[in-house]
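In: quick one: sequence and predicted model below, then my questions.
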Amino acid sequence: MGSHILGRFLRFGVLRGLRSVEIDPEVFRRELASKHGLWVPDFARMKDVPLERLDAIATSLIRDSERLALAEFPIPAYRLIEGRRYFIGSVQFSSGCPYRCEFCDIPALYGRHPRLKTPQQILAELDALLAAGIKTSIYFVDDNFIGNKKAARELLPHLVAWQKRRGYPVQLCCEATLNIAKSPEILAMMREAYFCTVFCGIESPELAALDAMQKSQNRAIPLLDAVAAINSYGIEVVSGIILGLDTDTPQTADRLIEFIDRSQIPMLTINLLQALPKTPLWDRLEAAGRLDEDGGRESNVVFARPYDEVLRNWRRSIRHAYTPEAIYRRFAWNAEHTYINRIALPLSRARLNLGNLRRAFGIITRLLVRVGLLGDYRRDFWQMARPALRAGRIEELIHVGIVAHHMIVFARACAAGRENASFFIDRPKIAA
């Protein structure tokens, strides 16, 4: 069993999400019962187990020597899900990342030398996802899709061939370091395989911050040029952003807002720095006495800047990024400069069938009613929706409509204090 997977499950005190496609739920529970004397009747009850006990179990499970080769993993039990109820499926090709970003726990948990599945395993898992009813998008949840560039180059022709054989039934998405912009041959194959989105941890537009967090690989190409290069292959960039860094200044929020506007990245996950165990950041802050586990704080980090200032900057950045006008403007830019660079897809049966048409009709109907008719930002919505409908760009309409609505609602919840400022903080959402 992949102990690195179990360790991370336990570390966050939940049994949902995190690489769950890789393990059989019943096997997991039996493992806890037989080896650690911990019986959990169902996943929802894991939150009731004291965190100290979970940490102790996680420590005993996470051992480099015990990491199971991904090539030995069975096909996940996708048959247990109702795929038609999911907007996106997930698959994993590699585990681990060669970089040592100060805030990231991936190298400690999964290693710096990515373990790999074979292309044949991935194709079998993709087929299993289709058989389970996943019909829209499949996300490669690898810590860094190009952590082993040679392996990525070897996998991509198989993905291209699979998409062609199957009639391009799904979009593909992944996470990768921003220096993927320096690999045009990889980007070209990703375009052919119909990768439409890549999440890049840009973290900060301030170069001094990237150096301080040991993420100088982001400086391989100027940030805006790197985003534009990825966009030129039809791939939309989603960016991770961190506030509360030691290098932050009174001008940091202004620079971030300028970067959001100039980069035209539609969706950015903007959150406060959170120190995770087994990271260089944790070790440094612990030694300096700068960890604060007060449950009322938005982060366990004692920031270099005043706490209230950091929180204000986060709220200001979120508000700016996700006003309806701002997010639709960035999506409109991508429609003109990114989406047009995607390959022309065949009118295959895998894409044009009764089930997909029924699904699309239902989503569009809900969007038009809830947002286009009842929404308080319907004017901004229709500025996007009218040309998309006239041009028959239904896939674009669904993508933009759903993502924009989610982010607008999320930003309003952040402003009202109903969302945590750090996505990694181990607590429920804050009450308004």
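Out: On my side now, so go ahead.
In: which parts of the lengthiest helix in the chain are buried?
Out: Ranked by number of residues, the top helix in the chain under DSSP state H is helix 394-415. Buried residues in helix 394-415, counted by 16 or more other CB atoms under 10 Å: 394-401, 403-405, 407-408, 411, 414. All C-beta atoms are positioned from the backbone trio N, CA, C, and that covers glycine.
In: ok, the residues you listed vs D246, which is closest?
Out: C414 (23.4 Å; CB to CB).
In: for the helix or strand harbouring R386, the averaged confidence score.
Out: Using DSSP states H and E, the element containing R386 is helix 378-390. The average pLDDT within helix 378-390 is 93.
In: remind me what it packs against, helices and strands.
Out: helix 324-337, helix 394-415 (3 or more CB pairs under 8 Å, 6 or more residues apart in numbering; DSSP states H and E).
In: what angle separates the last one from helix 378-390?
Out: Just to be clear, that refers to helix 394-415. 160 degrees (axes from the mean of the first three to the mean of the last three CA atoms, to 10 degrees).
In: for helix 394-415, which helices and strands make contact with it?
Out: helix 307-321, helix 324-337, helix 354-367, helix 378-390.
In: now distance to E236 and mean neighbour count too, for those helices, in CSV please.
Out: Formatted as CSV, the helices and strands packed on helix 394-415 follow (distance: least, CB to CB, whole Å; neighbours: other CB atoms under 10 Å):
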stretch, distance to E236, mean neighbour count
helix 307-321, 15, 18
helix 324-337, 6, 18
helix 354-367, 19, 13
helix 378-390, 15, 16
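In: mind checking these for the one nearest to A253?
Out: helix 307-321 (3.9 Å).
In: what sits up against that closest one?
Out: Counting by CB atoms under 8 Å, 6 or more residues apart in numbering, helix 307-321 makes contact with 241, 243-244, 248, 250, 252-253, 256-257, 260, 268, 270-272, 297-298, 303, 326-327, 407, 411, 414-415, 421, all of which sit outside it.
In: likewise for stretch 270-287?
Out: 11, 100, 102-105, 108-109, 213-214, 241-245, 256, 291, 298-303, 310-311, 314, 317-318, 321, 421-425.
In: tell me the mean pLDDT for the helix or strand hosting A131?
Out: Using DSSP H and E, A131 sits in helix 119-132. Helix 119-132 comes out with an average pLDDT of 97.
In: then stretch 106-114?
Out: Stretch 106-114 comes out at a mean pLDDT of 90.
In: pull the CA atoms of that stretch into CSV?
Out: The C-alpha coordinates for stretch 106-114 follow below in CSV (Å, rounded to 0.1, in the frame of the first residue of the first chain):
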residue,chain,number,x,y,z
ILE,A,106,5.9,17.1,-1.6
PRO,A,107,9.6,16.3,-1.5
ALA,A,108,9.4,15.1,2.1
LEU,A,109,6.2,13.1,1.6
TYR,A,110,6.7,11.7,-1.9
GLY,A,111,10.4,12.2,-2.7
ARG,A,112,12.4,14.2,-5.2
HIS,A,113,12.7,11.5,-7.8
PRO,A,114,9.2,11.0,-9.3
